[in-house]
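[1] From the sequence below, what's the structure:
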Amino acid sequence: LAVDRVASLEVFCGLDLVFWGLITFITLIIKVCPRGQRTNYQKICEECEGSPELYDWLYLGFMAMLPLVLHWFFIEWYSGKKSSSALFQHITALFECTAAAIVTLLLNDPVGQLSIRSCEVKMLSDWYTMLYNPSPDYVTTLHCTQEAVFPLYTIVLIYYAFCLFLMMLLRPLLVKKIACGLGKTDRFRSIYAALYFFPILTVLQAVGGGLLCECHSFLFFNEHLKVFLVDISIVLLSLRY
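    Modelled structure (predicted):
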């Protein structure tokens, strides 16, 4: 009966097998799968042992580069020609993001290794499991919200947290030491800008992470779209010249 009931539920609710004794008694519990697991074709929660595909790595790289590019943009915007400290701030921002990425990978499963164990992304709804909590009897809601795309959702948020922590730890000291050519209000403006764009990036990942990832895979594998973009580029260049 439990198997029949789970078959009628959404894909994110699974069976957790609990064995009682050494011989026979098995309890099937319908519940959300633990972190790092998701349901298989038999609706049983099992450990994810895969690794991210190519376009998953491209997505992670894109999300990791966003803070660095924004750091560099605002450093240039607020320092410009008025200070020679911009280069040192660029190097510091690069160090912050690189160190944050390494620490995030080391703390992620498998711990202590620069690799990622991940669950396969099968569909867009895998990113938004909170929208698929079923109500079999239209009264009781089974909460099966989980990170079905483990760890693509949370690893970016953890990375942003480490980026922000390292920036607040290192950048004010550096700016105070070397940005003498700027006024007291100007020298910290690139840091203030980061305090604005990090929450924006966090919301972008939390709300639109799945859409961004699916767009990456679509752009990467859609040959017709690539040909179309190349044709558009050729037309624009011909019009320009």
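
[2] Report how many residues lie close to Y159.
    Residues within reach of Y159, counting by other C-beta atoms under 10 Å, total 23. Any C-beta I mention is one placed from the backbone N, CA and C, and that applies to glycine too.

[3] how far away is it from L201?
    10 Å (C-beta to C-beta, to the nearest Å).

[4] Show me what the helix or strand C97 falls within is packed against.
    Per DSSP states H and E, C97 falls inside helix 86-107. Contacts defined by 3 or more C-beta pairs under 8 Å, 6 or more residues apart in numbering; DSSP states H and E place helix 86-107 against helix 54-79, helix 154-178.

[5] in the longest helix seen in the chain, what counts as buried?
    For the chain, the longest helix by residue count, based on DSSP state H, is helix 189-221. Buried residues in helix 189-221, counted by 16 or more other C-beta atoms under 10 Å: 189-191, 193-194, 197-198, 201, 204-205, 209-210, 212-214, 216-217.

[6] With stretch 147-166 instead?
    Within stretch 147-166, the residues that count as buried by 16+ other C-beta under 10 Å are 147-160, 162-164, 166.

[7] as a whole number, average confidence for that stretch?
    Averaging pLDDT along stretch 147-166 gives 95.

[8] what's the model's confidence in whichever strand or helix holds K31, averaged?
    Assigned by DSSP H and E, K31 belongs to strand 25-32. Per-residue pLDDT values over strand 25-32 give a mean of 64.

[9] now do stretch 120-127
    The average pLDDT for stretch 120-127 rounds to 88.

[10] Off-centre distance for that stretch?
    How far stretch 120-127 lies from its chain's middle: 13 Å, per C-alpha atoms, centre = their mean, to the nearest Å.

[11] With stretch 158-168 instead?
    14 Å.

[12] Export that stretch to CSV, keeping only CA atoms.
    Output of stretch 158-168 as CSV, limited to C-alpha atoms (Å, rounded to 0.1, in the frame of the first residue of the first chain):
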residue,chain,number,x,y,z
ILE,A,158,27.8,29.1,0.8
TYR,A,159,30.4,30.5,-1.6
TYR,A,160,28.8,34.0,-1.5
ALA,A,161,28.9,33.8,2.3
PHE,A,162,32.6,33.1,2.4
CYS,A,163,33.2,35.8,-0.2
LEU,A,164,31.5,38.4,1.9
PHE,A,165,33.3,37.2,5.1
LEU,A,166,36.7,37.4,3.5
MET,A,167,35.9,40.8,2.0
MET,A,168,34.9,42.2,5.4
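
[13] sorry, back to before: could you check the helix holding C97 and say which residues are buried?
    86, 88-90, 92-93, 96-97, 100-101, 103-105.

[14] Then C45 would be within a strand, right?
    Yes. According to DSSP: H, G, I helix; E, B strand; the rest coil, C45 belongs to a strand.

[15] Number of residues surrounding it?
    Neighbours around C45, by other C-beta under 10 Å: 20.
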